[in-house]
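> I would like the atomic coordinates for the input below:
(2 chains, ligands or ions: 2)
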Amino acid sequence: MDLKIKRKSTRTAHSSNLLENYPHDLQMYKVPPIENIRLHEFETLALERLTLLRCLATATTLKGLRIYSNEWREFVLNELRSQGLKYYANLCDISGFGTSEADLQARRKDHIGHFILRLAYCRTEELRRWFVARELELFKLRFMTMKSEAVVEFFKINKLCYTNISEEEKNEIIGCLRESTMHQKVDSLKFYKVKFYEVLDLVKSRKVYIQGGYAYIPDKDFISVLSAQYRIHLKQSLVVACHHLGEIEQDERLVGLLKGLHQSYSGDDYSDTKVVVPIETLDSLSVKSFPLCMRQLHEQLRLSHHLKHGGRLQYGLFLKGIGVTLEDSLRFWRDEFTKIMDLDKFEKQYAYNIRYNYGKEGSKKNYSPFNCLKIINNNVGPGDCHGCPYRHCDPSNLKNRLKGYGIEHQALHDIVDMAKRGHFQIACSKYFDAAHNTELGLGINHPNQYFEESQKILKGENKVEIKKETKQTTIKKEQSKQMEDIDFDEISEWNE
Amino acid sequence: MVAHYDENLLSDMLPVYYTRLFPQNIFCRWLACGNSPQPLSNRELSFTLADDVYIRYLSISNQKEFQALLQKKCPYKLDIGAVYNNKPSISRHDAVVLARELVFDIDLTDYDEVRTCCQEAKVCDKCWKFMVIACEIIHTSLKDDFGFQNILWVFSGRRGIHCWVSDFEARTLDSPGRGAIADYLCLIIGGDNQNKKVHLGVDNLHSSIRRSIGIIDKYFDEVMLDQEFIGTPERLQKLLKMIPDETLRDIVENNLTKMPQSSLERWKSFVNIYDTYLRENGNAIRKIKYLLEEIKIQYCYPRLDVNVTKGFNHLLKSPFSIHPKTGKVSVVFKPNNARNMKLDEIPTIYTLLDDSSPDNVQHQNNMRSAVKIFQEVVFSLEKAEAMRRRNDANTTLEF
Ligand code: SF4
Ligand SMILES: [Zn+2]
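Ligands and ions are numbered 1, 2, ... in the order given. Reported below is the predicted structural model:
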């Protein structure tokens, strides 16, 4: 990438140039920008792009809107407008190939913004994954809203040519196409034949008819082909960008800026903790400060003295993240497992995995605990009890469990309702509030974050916002401020 | 049949078995084919020895080396891994997986929540039928949907089956691709906290699901008779928990508890009740449009260990190795013959090497035909590989 930063702009690109470079609202970002740009603009464009991407993330995870649904789109567009990013809102609303000066300028900013963020997000695997996921959402959002002339134009510009299958071929399989294609009026659509691995997302969700290794897709589904290609291209570019970071970072001003950018998002990955949590406290901690997913695993382990692989991994890494040392961890699992097997078997079959989690075996990587997204999207099969209970429990099971934990009626109803509607992390946040008697409405995105927030409250680091301000609790609350180490169990007793 | 196998005999018997009966030549050819463009020596093998010592990153360059290695180490368990860019024993840190068969692992323990004849490590010919169904469904999909040709089915040695797809496209498929195929084939989702694990929604059924249900239907009554899925009050409860519509659930409960215990009869009246209910309550359809299909799938559809399929370097038990616990040979079988297989007709190392065993003759025969099937698969794979290489050469010439 050849982005030169100047304190003062030396030239501005001419519109004719712009038109040539930016013929269409939707770009595949194949060629990096080569113009000179001022530091101030660099910074602005970076932040604006970041706001855009975050806005997409918020819509899905925090607001719990179904991705690409109308409400999701509305939310994103409104949010962009209210943040003063009208040009992005316009680019996302109806992508086209207009030639007005405003169009061209918007595309230029879009282009440059994208490339700056590549630099900020190429550093680690985790960052790259986040960035690629958001950029793909953006790409799909924009592709979906395009009018058909714009689609045709887009294909032309990007030299994408595919030929549709003949009427005869289509008629032979029309029944299957009707059954297996997720679109209305299948009979009137043109179909194209691509290798199944070009449309993995459709294959995965069984939204396409496949036969003999080929997938039959109507033009609307080309977004799958394109985004698969775009994903590969983007991933590779990030690796390349990472190799060139050194050159770019000779400019000190940029170093700070680029690093700052990603810090403002990534937060903690909980792979290194300073505190040490003794395993003797796990039983009580699991009741007080574990999110449901971990409490469930803990209880299951105590009950059956065994967890299947997925559970050991999810729970083991979480424990590492809250500060259980390797030695303690080994002891903890050993004590349970050896209740149903001999020590020898444990050492041979399981100890390796525990050391592995701590980066002491195999690739020696220091694994980070799973975040909610990963847990929610994990495979949970027969015999498993890991995963996120809001997603992986039947509503009736969830209800019983919450009841057993003493969650009161209204809260219980709210939590189950959120879970049913697919808003797992919001359900989790509601559970947090119910369990701690707060109304924080935290955005939960990591079980270890849940744990830390809970500990903060219990240790009195956060001001405790007691929900029902009955007279009794107000008095007690004042007392609580003076107490160093306030115990949650006591708070809940005061409320009763 | 003789039932006392002595694990201690294994260390004496295995060297003989490996030399005399293990199809070393075909085995090496199978692996070598799957390895192209890399040599056989880049393929990882792993051994588990008598005292549970586990050795990874072994490799061989030809049959001679293989035989020597087998004699030297006498592995109790023999697993096959991926093909790396280098010999697996060197430069571990920058090893890159270049190819690996697309594999599937189906284990009867994952059926414990539905099968009633056995649990855990036990298997019988009744629950083997689950494997028959699994094999037919997956084989059909791999062939018809994904267009794969070179598919090897292997008995895992105790309570399940493995499938190895050696087509070039399958071997070089990346992990998202493997993941997508696994997800495409996986219909039963959910852990111990979910009673109903199949959700087909209200849209049209995908052609592949419809086809799978067709396959299940061929076996369904038989399995229902074997397993008596709803023959006791507890089992009936399990069925009821799969019915999301409360009114329907109550009607079913009332009717079925009064009936005699035959599961098949009960199932038939359940189907009638369901049909009537749906006719009379048009709007119930949203929740229970495919209820019957969903339940059939939950009872009978293959339960894949998706992690094995998704992962690139999961080690999987080799065909024709011996299961150390049962002494059974991991025989290769034809998918359309799975139905006729009987568990005690599967050769064991003990019967094969003991002339006086009453099963000796039959097991020898079965072993021979298993090797023959293996040969056929390898021959056709070699042919396909030769053709692919010729085509590749032609296309390069054109430019
Ligand atoms: S939302 Fe996250 S923290 Fe909460 S239960 Fe689910 S996975 Fe655990
Ligand atoms: Zn059985």
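> Please make it C-alpha for all contacts and neighbour counts, starting now.
Noted.
> thought B:Gly177 was touching A:Tyr197?
Yes: between B:Gly177 and A:Tyr197 there is a contact at 6.2 Å, judged by CA atoms under 8 Å.
> where does chain B have low pLDDT?
B:1-5, B:34-37, B:91-93, B:396-399 (pLDDT under 70).
> quick check, the longest helix seen in it touching chain A?
Counting residues, the longest helix found in chain B (DSSP state H) is helix B:360-398. No: against chain A, helix B:360-398 shows no contacts by CA under 8 Å from any CA of the partner chain, the least distance being 15.8 Å.
> Which helix or strand lies directly C-terminal to whatever helix or strand B:Met131 lives in?
Assigned by DSSP states H and E, B:Met131 belongs to helix B:125-140. Once the chain leaves helix B:125-140, the next helix or strand it forms, by DSSP H and E, is strand B:151-155.
> following that following strand, which helix or strand shows up next?
Taking DSSP H and E, what comes next after strand B:151-155 is strand B:160-165.
> Would you mark the buried spots in that following strand?
B:160-165 (16 or more other CA atoms under 10 Å in any protein chain shown).
> export the helix or strand following that strand as PDB, just CAs?
Along the chain past strand B:160-165, the next helix or strand (assigned with DSSP H and E) turns out to be helix B:168-171. Taking C-alpha atoms only, helix B:168-171 is exported to PDB below (Å, rounded to 0.1, in the frame of the first residue of the first chain):
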ATOM      1  CA  PHE B 168      -8.900 -35.100  -5.100                       C
ATOM      2  CA  GLU B 169     -11.400 -32.300  -4.500                       C
ATOM      3  CA  ALA B 170     -12.300 -33.800  -1.100                       C
ATOM      4  CA  ARG B 171      -8.700 -34.300  -0.100                       C
END
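> Pull the distance from the helix or strand that comes right after helix B:168-171 to the chain's centre.
Toward the C-terminus, helix B:168-171 is succeeded by helix B:175-185 as the next helix or strand (DSSP H and E). Put simply, helix B:175-185 sits 16 Å off its chain's centre (CA atoms, centre = their mean, to the nearest Å).
> in helix B:175-185, what's buried?
Neighbour count says helix B:175-185 has B:177-185 buried, by 16+ other CA under 10 Å.
> hmm, back to that, could you name the helices and strands sitting against the longest helix of chain B?
helix B:24-35, strand B:151-155, strand B:332-333, helix B:349-353 (3 or more CA pairs under 8 Å, 6 or more residues apart in numbering or on different chains; DSSP states H and E).
> for that helix, the distance to its chain's centre please.
20 Å.
> mind listing what's buried in stretch A:100-113?
By neighbour count on 16+ other CA under 10 Å, the buried set for stretch A:100-113 is A:103-113.
> Show only the entries of those residues found in helices.
Per DSSP H, the buried residues of stretch A:100-113 map to helices at A:103-113.
> what pairs with the longest strand seen in chain B, and is each one parallel or antiparallel?
As assigned by DSSP state E, the longest strand anywhere in chain B is strand B:77-84. Applying DSSP bridges to the sheet, strand B:77-84 is found paired with strand B:43-48 (antiparallel), strand B:97-99 (antiparallel), strand B:316-317 (antiparallel).
> Report the inter-axis angle for it versus helix B:24-35.
30 degrees (axes from the mean of the first three to the mean of the last three CA atoms, to 10 degrees).
> mind checking which of the helices and strands packed on helix B:360-398 is nearest A:Glu179?
strand B:151-155 (27.5 Å; CA to CA).
> List the strands paired with that closest one, with their directions.
Strands that pair with strand B:151-155, judged by DSSP bridges, come out as strand B:160-165 (antiparallel), strand B:332-333 (antiparallel).
> So if we follow the domain assignment, how does chain B break up?
Following automatic domain parsing, one finds the domains of chain B at B:7-184+B:306-398, B:189-300.
> Same question for chain A.
Per automatic domain parsing, the structural domains of chain A span A:13-155+A:229-248+A:256-262, A:163-221, A:279-490.
> Give me the mean pLDDT for the first one.
Same thing as domain A:13-155+A:229-248+A:256-262. Domain A:13-155+A:229-248+A:256-262 carries an average pLDDT of 86.
> got it, and the longest one?
Regarding domain A:279-490, the rounded mean pLDDT is 82.
> anything in it near chain B?
Yes: residues of domain A:279-490 contacting chain B under CA under 8 Å from any CA: A:363, A:379-386, A:392-394, A:397.
> and if you look at the second one?
Yes: in this structure, domain A:163-221 sits against chain B according to CA under 8 Å from any CA; the contacting residues are A:176, A:179-180, A:196-197, A:200-201, A:203-207, A:209-214.
> Endpoint to endpoint, that domain covers what distance?
14 Å (CA to CA, to the nearest Å).
> Look up how far ligand 1 lies from the closest residue in space to A:Lys140 that isn't next to it in sequence.
Nearest residue to A:Lys140, sequence neighbours excluded (CA to CA, 6 or more residues apart in numbering or on different chains): A:Ile223, at 6.8 Å. Distance, A:Ile223 to ligand 1, by CA to the nearest ligand atom, to the nearest Å: 30 Å.
> element containing the residue of chain A positioned farthest from its centre?
In chain A, A:Glu168 marks the outermost C-alpha relative to the chain mean, sitting 43.7 Å out by CA atoms, centre = their mean. Per DSSP H and E, A:Glu168 falls inside helix A:167-172.
> I'd like the buried residues of strand B:160-165 written out as TSV, with distance to ligand 1 added.
Output for the buried residues of strand B:160-165, formatted as TSV (distance: CA to the nearest ligand atom, whole Å):
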residue	distance to ligand 1
B:Gly160	32
B:Ile161	33
B:His162	32
B:Cys163	33
B:Trp164	34
B:Val165	35
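> export the residues you listed to CSV and tack on distance to B:Asp52?
Listed next are the buried residues of strand B:160-165 as CSV, based on distance: CA to CA, whole Å:
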residue, distance to B:Asp52
B:Gly160, 22
B:Ile161, 23
B:His162, 23
B:Cys163, 26
B:Trp164, 26
B:Val165, 29
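> Return the member of the residues you listed nearest to chain A.
Of all the buried residues of strand B:160-165, B:Val165 has the smallest distance to chain A: 13.6 Å, by CA to the nearest CA.
> For the closest one, give me its contacts.
Taking CA atoms under 8 Å, 6 or more residues apart in numbering or on different chains, we find B:Val165 in contact with B:101-103, B:148-152, B:171.
> do the same with A:Ile223
A:140, A:143-144.
> Out of these, name the ones that lie in helices.
Using DSSP H, the members of the contacts of A:Ile223 that fall within helices are A:140, A:143-144.
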